[in-house]
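Colleague: predicted model, plus sequence, below.
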Amino acid sequence: MTVLVTGGAGFIGSRLARRLSEAGHAVRILTRRADPGPGLRGVPVEVARGDVADAEAVERAVRGAETVYHLAGAFQGVKATAEYQRTNVEGTRRMVEAALRHGVKRFVHCSTCGVHGPARNGPIAEAAPFRYAPWNAYETSKAQGERLVMQAARERGLAASVARPAIVYGPGDRRLLKLFTAIATRRFVLLGDGRPAYHLAYVDDVVDGMLLCGTRPEAVGEAFLLAGGACPTVGEVASLIARALGVALPAWRLPAGPFYAAGVLCELACRPLGIEPPLSRRRVEFFTSHRIFDITKAKDRLGYAPRVSPEEGIRRTAQWYRDQGLLDG
């Protein structure tokens with residue numbers, strides 16, 4: 001069948017598109033690139049150029065597709081709230097409307113575990129309430145986009161599912177590069193005691209979960225958290241990275257409170273200028289907030305079974321960074 005992957009040239013999207021192509025499907029990707037990108041080199045995919053903010057591009061991309069995996073979105077960064085709304089909310093609305101018009105049989109929306117915020121009372125499950133943080137426009141916009149999808153499933157018959165991945169990592173991604181580089185160059189400083197849980201999701205495991213969301217009948221009308229089978233602490237993640245890189249983990253530790261306050265000031269000074277703050281509350285929260293998720297629902301209903309341990313995933317990621325020459329700092 002014909003399958004559309006929005007954001008198909010991206011980190012997760014390209015892995016998903018490759019898997020779909022290997023399974024024999026005709027794959028179309030919606031991307032702003034003129035080509036499929038390095039992640040899909042040699043893979044026979046059709047490129048629909050444009051983005052989800054362009055109604056005509058969405059119409060062209062969705063027409064004829066039987067299944068849609070909607071991964072395109074504006075990610076965390078210095079983007080203005082208007083950009084998150086334009087892409088993550090209104091772009092999702094366009095995708096939903098186009099899917100309904102063209103009779104798409106299955107629709108999988110990629111949300112984020114971040115809609116729940118930090119875990120305060122044990123592992124978070126899908127029924128936990130969303131957290132709306134006025135300073136975090138990204139997570140708020142993702143929650144709004146997800147609600148549009150689920151409303152269409154309830155009220156308009158869209159056979160939709162929502163995937164909420166935890167922190168996705170693996171070869172090809174640069175989200176954790178700064179952490180790896182800091183440890184490789186011995187500039188890493190641990191803020192706090194290193195005990196908060198940091199639940200990772202290896203990219204191939206996330207793709208497995210998304211494929212289940214798009215094929216299993218039990219997934220329709222439901223949301224699923226996708227994360228790894230084990231949940232290390234922040235300190236353990238740092239130790240695993242150091243081991244994978246073959247270096248000693250620096251022993252420097254500092255209290256997190258002053259850095260959180262400094263992060264607030266950096267955001268206030270940098271964001272109006274469109275500059276990425278050198279320090280932000282989100283970066284400090286990496287060290288201080290529990291991110292642990294209950295994936296029982298995905299396991300029981302979909303047969304989701306993450307296969308890559310944190311040790312192996314971090315080893316593969318470190319090797320890719322090393323091969324790309326990205327660890328020189």
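Modeller: Arrived safely.

Colleague: hmm, who's touching stretch 288-305?
Modeller: 113, 118-120, 122-126, 166-167, 191-192, 196-199, 208-209, 212-213, 216, 218-219, 222, 224-227, 229, 231, 256, 260, 306 (Cβ atoms under 8 Å, 6 or more residues apart in numbering). Quick note: C-beta positions are derived from backbone N, CA and C, even for glycine.

Colleague: just the buried ones from those residues?
Modeller: 113, 119, 123-124, 126, 166-167, 191-192, 196-199, 208-209, 212-213, 216, 219, 222, 224-227, 231, 256, 260, 306 (16 or more other Cβ atoms under 10 Å).

Colleague: of the residues you listed, which belong to strands?
Modeller: Within these, residues falling in strands by DSSP state E are 167, 191, 224-226.

Colleague: in stretch 161-177, which residues are buried?
Modeller: So stretch 161-177, judged by 16+ other Cβ under 10 Å, has buried residues 161-173, 176-177.

Colleague: how about the residues you listed, which pair is most distant?
Modeller: 161 and 177 (30.6 Å; Cβ to Cβ).

Colleague: shaky segments in this structure?
Modeller: 76-80, 131-135, 329 (pLDDT under 70).

Colleague: where do the strands of the stretch 151-300 of the chain begin and end?
Modeller: For the stretch 151-300 of the chain, the strands defined by DSSP state E, counting those that start in this stretch occupy 160-165, 167-169, 190-191, 200-202, 223-226, 253-254.

Colleague: helices or strands next to the last one in the packing?
Modeller: In terms of contacts (3 or more Cβ pairs under 8 Å, 6 or more residues apart in numbering; DSSP states H and E), strand 253-254 is packed against strand 190-191.

Colleague: show me what the strand it packs on is in contact with.
Modeller: With Cβ under 8 Å, 6+ apart, strand 190-191 has contacts from 234-235, 238, 252-256, 259, 284, 287-288.

Colleague: could you export those to TSV, including columns for distance to residue 71?
Modeller: Below are the contacts of strand 190-191 laid out as TSV (distance: Cβ to Cβ, whole Å):
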residue	distance to residue 71
234	27
235	31
238	29
252	37
253	37
254	37
255	38
256	33
259	32
284	28
287	28
288	29
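
Colleague: which of these count as buried?
Modeller: Buried, going by 16+ other Cβ under 10 Å: 234-235, 238, 256, 259, 284, 287-288, out of those.

Colleague: mind listing which of those are in helices?
Modeller: The members of the buried ones among the contacts of strand 190-191 that map onto helices under DSSP state H are 234-235, 238, 259, 284, 287-288.

Colleague: you'd agree residue 69 is in a strand?
Modeller: Yes: the assignment for residue 69 by DSSP: H, G, I helix; E, B strand; the rest coil puts it in a strand.

Colleague: how about the strands of the stretch 151-300 of the chain in a markdown table, adding distance to residue 12?
Modeller: As requested, the strands of the stretch 151-300 of the chain are arranged in a markdown table below (distance: least, Cβ to Cβ, whole Å):
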| stretch | distance to residue 12 |
| --- | --- |
| strand 160-165 | 8 |
| strand 167-169 | 6 |
| strand 190-191 | 28 |
| strand 200-202 | 10 |
| strand 223-226 | 11 |
| strand 253-254 | 33 |
